[in-house]
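*Asks:* 3D, please:
(2 chains)
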Number of protein chains: 2
Amino acid sequence: MEKPITFDIEKKIPGTLARAGKIHTPHGIIETPAFIAVGTKASVRALTTDMLRDLGAQAVLANTYHLYMQPGEARVRAMGGLHKMMGWDGPTMTDSGGFQVFSLGAGYGSNISKILKDVASLPLLKERDEEAVKPKLVQIDHDGAAFKSPLDGSIHYITPERSIEIQHSIGADIIFAFDECTSPAETRAYQREALDRTHRWAKRSLEYHRSKEISRKQGLFGIVQGGRYEDLRKESAAAIAAMDFDGFGIGGSFDKDDLHTAVRWVNEILPEGKPRHLLGIGEPEDLFLGVENGCDTFDCVAPTRLARHGTLYTKEGKIHIGNAQYADDLGPIDAGCACYACRNYTRAYLSHLHKSREMLGPMLCSIHNLYFIVNLVKGMRQAIIDETFGSYKTDFLKKYNSQR
Amino acid sequence: MEKPITFDIEKKIPGTLARAGKIHTPHGIIETPAFIAVGTKASVRALTTDMLRDLGAQAVLANTYHLYMQPGEARVRAMGGLHKMMGWDGPTMTDSGGFQVFSLGAGYGSNISKILKDVASLPLLKERDEEAVKPKLVQIDHDGAAFKSPLDGSIHYITPERSIEIQHSIGADIIFAFDECTSPAETRAYQREALDRTHRWAKRSLEYHRSKEISRKQGLFGIVQGGRYEDLRKESAAAIAAMDFDGFGIGGSFDKDDLHTAVRWVNEILPEGKPRHLLGIGEPEDLFLGVENGCDTFDCVAPTRLARHGTLYTKEGKIHIGNAQYADDLGPIDAGCACYACRNYTRAYLSHLHKSREMLGPMLCSIHNLYFIVNLVKGMRQAIIDETFGSYKTDFLKKYNSQR
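*Replies:* All right, here's what the predicted structure looks like:
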């Protein structure tokens, strides 16, 4: 059977895990390494899909949790799925909803006791084992996670099968297995339990997916977890690698050290011939580390979120356009940048838009930041192919960190 | 001396004041009748200038008051003026600031007593006549208007000369004389006084403008006021017509009746060979009435403001995209509409964006509404040329009002 997702390696850097390749999807090719734009609710904030194409974005990742909540999977399906709904005919991904269920769920704060009661009263949960009863708005059991909608307070229960079913309705080219994304603050004992769940859920996600005809058109990536524990990370990589996924996601909370350690441990074990997505990473230095340590694709809300708040990437580091000095600065955001904002507008105008809270401000800033990050990673790809990755990285970071 | 603004009439409708023409400006031609997009702070809200061009907008009107407040005339000038600042190389206009000084000034509410004290304490005002001391945040005297900045509480004083000087710094192709825009609620005695001031200020605006070299590159329009009083409107039209303006603005608060009366009284007196701009009018029915009664150009924030709140024009009348029925509606905003939003997106997606407060919602809705109004007025122009204005109007309004 033809696989929906295939991966070719074009070039590798000896002595590192870095590689340049091509992910073939039903909606076209992603040339890797690549930064994937995040379109949480089937919209990359403040950008049209034309702007996205113009700035060089190859693919969009939408969030299953958010689309499940609003407008709901049935409506996404009725609109013809993610691609048609948002007017993007290139490759797409959806995450599994696991990260949002756990991270957003824990943030509901004041309603904690109410939720626990509500969740406990669900018939579904009564018969399930109580291994993970914790003081959170999310209640996790053997089969899945129950959580409360922040929109209307309704209670939802997501299992691996439901996550995949929802992702089938959304219809992205690449979907992810349902996992539990733990906080680094959790105990080792909890990480151990959660990891076992993630592996069981990965197997169930895969079995459910393969049982459906649609698995010919959507590829499923398994997610490796394990926190910062070498043994757990390696165990997780081996467990997930042993299943017949179309590619892999590496989940968890990362800092710079983890990119040298946890990510490397995992990628030394994952099979070379399948693509690897590092979830939620987008800062320039981290992207270099991710690429060196064997990751092919990345997604992160940082470029667009920072842009909406007026923080802009430049080759000399980040600047905040609201700072007084930019009000009279007639240069572009980043000298030499070829993005639409830099070709047409001055820092002084962007400063004015920011202070005036004009929507055009976030629009132009988002174009710039996404252009910057997307093209930084494209540059890494080219440098791998040209065998100049080391100097590309050194030159970039030297300049980028020069103002610190 | 070559005039910066000239006007050709191409066709007239016998028995009405309607005409199709061309306004020649230093930045190109405005084919009239035309709806001018409002870019208050040198940005048409939620749109890039590329989007503006794509939807057929011919010209942009910015607000002098807002740009004077933020980023300030010196910065606009330093950025190369309005065109270069905002990346719009087509025709531009700035209003005189009079409308905002009076209408926004009156809205400061709780600080009224403080302001009156502040204004009275200004040396500038102490020596001036007190004819217009009223319980407002704006204090008007013989020479101009003092008002408080809503941004930082600073006190500003604008005379006709200052208004023109600021508009010279901003650099629009068409600028307007400083006027007093009165509320219809004012007494006739007050309207009388205000009208005399407006005429004195018109003369001073014109004299100051003509004394500067820049008047070769910017055309100045005089503004006719007079409220709803036939004698005052006619007197104002005659007084303003007698001055050597490059064109005219018709100011005031209008309802539908005024478009048949006040606007007609004025345009029967104004010289036929110069363009006439009806300030602040943008609803479809009002635009038809304005065109029939001799106006050539219009501006209004309504299309973009309504769009940001989810109200959309359709050929069957306005709809609110937040209404439940649109969440599952797979049709475009307006069937047959060729705008970017209608060509690419469903009402269901727009509904989702609106409910999710995604910025793309206001962007797409603004594109649609501005496309709708700009092209409605373009259609009027074509109908005048084709001698089908009557049926164009009847057919449009019959359908537009059919759902009421």
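*Asks:* what residues does chain A put near chain B?
*Replies:* With C-beta under 8 Å from any C-beta of the partner chain as the criterion, chain A meets chain B at residues A:41-43, A:45-50, A:70-71, A:75, A:78-79, A:85-87, A:327-328, A:330, A:340, A:344-346, A:348-349, A:351-353, A:355-356, A:358-360, A:362-364. Heads up, the C-betas are built off the backbone N, CA and C, glycines and all.
*Asks:* contact partners for the residue in the stretch 101-250 of chain A positioned nearest to chain B?
*Replies:* Nearest to chain B in the stretch 101-250 of chain A, going by C-beta to the nearest C-beta, is A:Leu151, at a distance of 9.1 Å. With contact set as C-beta atoms under 8 Å, 6 or more residues apart in numbering or on different chains, A:Leu151 has these partners: A:69-70.
*Asks:* ok, and the closest non-adjacent residue to the closest residue to chain B within the stretch 201-350 of chain A?
*Replies:* Residue nearest to chain B within the stretch 201-350 of chain A: A:Asn344 (4.5 Å; C-beta to the nearest C-beta). Using C-beta to C-beta, 6 or more residues apart in numbering or on different chains and skipping the chain neighbours, the partner closest in space to A:Asn344 is B:Gly87 (4.5 Å).
*Asks:* circling back to that earlier point, what's the burial count for the residue of the stretch 201-350 of chain A closest to chain B?
*Replies:* 16 (other C-beta atoms under 10 Å in any protein chain shown).
*Asks:* now it: how far from B:Gly28?
*Replies:* Separation of A:Asn344 from B:Gly28 (C-beta to C-beta, to the nearest Å) stands at 18 Å.
*Asks:* can you list phi and psi of the residue of chain A most remote from its centre for me?
*Replies:* Farthest-out residue of chain A from its mean C-alpha position, per C-alpha atoms, centre = their mean: A:Asp328, at 36.8 Å. Dihedral angles of A:Asp328 (phi, psi; degrees, to the nearest 10) stand at phi -120, psi 20.
*Asks:* wait, it sits on B:Arg75?
*Replies:* Yes: with contact defined as C-beta atoms under 8 Å, A:Asp328 and B:Arg75 form a contacting pair (6.7 Å).
*Asks:* what's the overlap in contacts for those two?
*Replies:* Common neighbours of A:Asp328 and B:Arg75 (criterion: C-beta under 8 Å, 6+ apart): A:Ala348.
*Asks:* quick one, helices of the stretch 201-350 of chain A?
*Replies:* Along the stretch 201-350 of chain A, counting by DSSP state H, counting those that start in this stretch, helices occupy A:230-241, A:256-260, A:262-269, A:284-292, A:302-308, A:340-344, A:347-356.
*Asks:* give me whichever of these is most buried.
*Replies:* Highest mean neighbour count among these (mean count of other C-beta atoms under 10 Å in any protein chain shown): helix A:347-356, with a mean of 24.
*Asks:* what lies in contact with it?
*Replies:* Here helix A:347-356 makes contact (C-beta under 8 Å, 6+ apart) with A:310, A:312, A:321-322, A:326-333, A:341, A:358, A:360-361, A:364-365, B:41-43, B:70-71, B:75, B:78-79, B:85-86.
*Asks:* how far does that helix sit from its chain's centre?
*Replies:* Offset of helix A:347-356 from its chain centre (C-alpha atoms, centre = their mean, to the nearest Å): 30 Å.
*Asks:* next SSE after that helix?
*Replies:* Per DSSP states H and E, the first helix or strand lying C-terminal to helix A:347-356 is helix A:360-386.
*Asks:* which parts of that next one are buried?
*Replies:* Buried residues in helix A:360-386, counting neighbours by 16 or more other C-beta atoms under 10 Å in any protein chain shown, are found at A:360-381, A:383-384.
*Asks:* got it, and stretch A:395-404?
*Replies:* A:396, A:400.
*Asks:* how long is it from one end to the other?
*Replies:* 15 Å (C-alpha to C-alpha, to the nearest Å).
*Asks:* chain center to that stretch: distance?
*Replies:* What separates the centre of stretch A:395-404 from the centre of its chain is 26 Å, taken as C-alpha atoms, centre = their mean.
*Asks:* residues touching that stretch, excluding its own?
*Replies:* With C-beta under 8 Å, 6+ apart as the test, stretch A:395-404 has contacts from A:284-285, A:288, A:315-317, A:376, A:379.
*Asks:* try 7 Å
*Replies:* Outside stretch A:395-404, the residues that touch it by C-beta atoms under 7 Å, 6 or more residues apart in numbering or on different chains are A:284-285, A:315-317.
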